[in-house]
Structure formats: structure tokens, C-alpha cells
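Participant: Would you be able to build a 3D model of this:
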Amino acid sequence: AGLSLEEIKEIQILEQESIAKLNQLESNGHEKWQNYLHTCAAFLDCGLPNFIEERLDVTTLPAFMVEALKDGAKRWPLQPHSTMLDA
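Facilitator: Got it, this is the predicted structure:
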């Protein structure tokens with residue numbers, strides 16, 4: 001009931017094409033995009049319970065702080081998204 005081998009291969013081809021397109025747009029574009037998504041995920045995982053739901057979840061704070069302070073705080077959560085992408 002899972003994906004067939006052919007479907008998996010097609011997904012892998014599409015993924016490689018996507019990576020190539022991002023890297024065509026900008027040097028290391030795919031890596032920058034992946035880093036940005038990783039940062040956003042950490043911010044969401046921490047921000048949703050702690051700030052939106054106002055429910056303390058200290059387990060999410062370490063990943064939040066690592067991402068927020070990485071590279072001299074270039075990805076601080078109040079930065080514009082364009083600044084975070086350029087980090």
C-alpha cells in the first residue's frame with residue numbers, strides 16, 4: 001500500500017531537478033533554502049506553544065536559541081525573511 005519503486009524513483013528525479021533549479025537561481029540556493037526551512041521549523045515548534053498558545057514548553061527552547069543565535073543572530077526571529085534567507 002506504499003509507494004511503488006517507480007514512484008519513488010520519479011520523486012527522487014523531481015527532487016534532484018528541484019535542487020538544480022534552486023542552485024541555478026543562486027549559488028548554494030538549495031542549501032540556503034534547507035537552512036531557512038530548518039530555522040523556521042525550530043521557530044514554529046517553539047513559538048506556537050510558548051507564544052501563541054501561551055503554554056510553556058521548555059523542550060523547544062534549545063533548538064530555538066541555537067537557530068536564533070547562529071551566525072551572530074542573523075536569523076533572529078524578528079528579522080525579515082529575506083534577511084534570514086541571506087544568512
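
Participant: in which helix or strand would I find the residue nearest the centre of the chain?
Facilitator: For the chain, the residue lying nearest the average C-alpha position, counting by Cα atoms, centre = their mean, turns out to be Leu37 (1.1 Å). With secondary structure defined by DSSP states H and E, Leu37 is part of helix 29-47.

Participant: Can you give me the buried ones in the helix or strand following that helix?
Facilitator: Toward the C-terminus, helix 29-47 is succeeded by helix 61-73 as the next helix or strand (DSSP H and E). Across helix 61-73, burial judged by 16 or more other Cβ atoms under 10 Å covers Ala63, Phe64, Glu67, Ala68, Lys70. C-beta here means a position set from N, CA and C on the backbone, and glycine is covered the same way.

Participant: which among those gets closest to Glu26?
Facilitator: The shortest distance between Glu26 and any of the buried residues of helix 61-73, using Cβ to Cβ, involves Lys70 and amounts to 19.6 Å.

Participant: Could you list the residues in contact with the longest helix along the chain?
Facilitator: The helix that spans the most residues within the chain, counting by DSSP state H, is helix 5-25. Outside of helix 5-25, the residues within contact range by Cβ atoms under 8 Å, 6 or more residues apart in numbering are Leu3, Gly29, His30, Trp33.

Participant: Just give me the neighbour total for the last one.
Facilitator: Read that as Trp33. The number of residues packed near Trp33 is 17, by other Cβ atoms under 10 Å.

Participant: Now do the same contact list for Trp76.
Facilitator: Shown in contact with Trp76 (Cβ under 8 Å, 6+ apart): Ala68, Leu69.

Participant: ok so, going back, then the longest helix of the chain to PDB, C-alphas only?
Facilitator: Listed next in PDB are the C-alpha coordinates belonging to helix 5-25 (Å, rounded to 0.1, in the frame of the first residue of the first chain):
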ATOM      1  CA  LEU A   5       9.700   1.600  -6.800                       C
ATOM      2  CA  GLU A   6       8.800   3.500  -9.900                       C
ATOM      3  CA  GLU A   7       7.000   6.200  -7.900                       C
ATOM      4  CA  ILE A   8      10.000   6.500  -5.500                       C
ATOM      5  CA  LYS A   9      12.400   6.900  -8.500                       C
ATOM      6  CA  GLU A  10      10.200   9.600 -10.000                       C
ATOM      7  CA  ILE A  11      10.100  11.500  -6.700                       C
ATOM      8  CA  GLN A  12      13.900  11.300  -6.500                       C
ATOM      9  CA  ILE A  13      14.300  12.700 -10.100                       C
ATOM     10  CA  LEU A  14      11.900  15.500  -9.300                       C
ATOM     11  CA  GLU A  15      13.800  16.300  -6.100                       C
ATOM     12  CA  GLN A  16      17.100  16.400  -8.000                       C
ATOM     13  CA  GLU A  17      15.500  18.700 -10.600                       C
ATOM     14  CA  SER A  18      14.300  21.000  -7.800                       C
ATOM     15  CA  ILE A  19      17.700  21.100  -6.200                       C
ATOM     16  CA  ALA A  20      19.300  22.000  -9.600                       C
ATOM     17  CA  LYS A  21      16.700  24.800 -10.100                       C
ATOM     18  CA  LEU A  22      17.400  26.400  -6.700                       C
ATOM     19  CA  ASN A  23      21.100  26.200  -7.300                       C
ATOM     20  CA  GLN A  24      20.700  27.900 -10.700                       C
ATOM     21  CA  LEU A  25      18.800  30.800  -9.200                       C
END
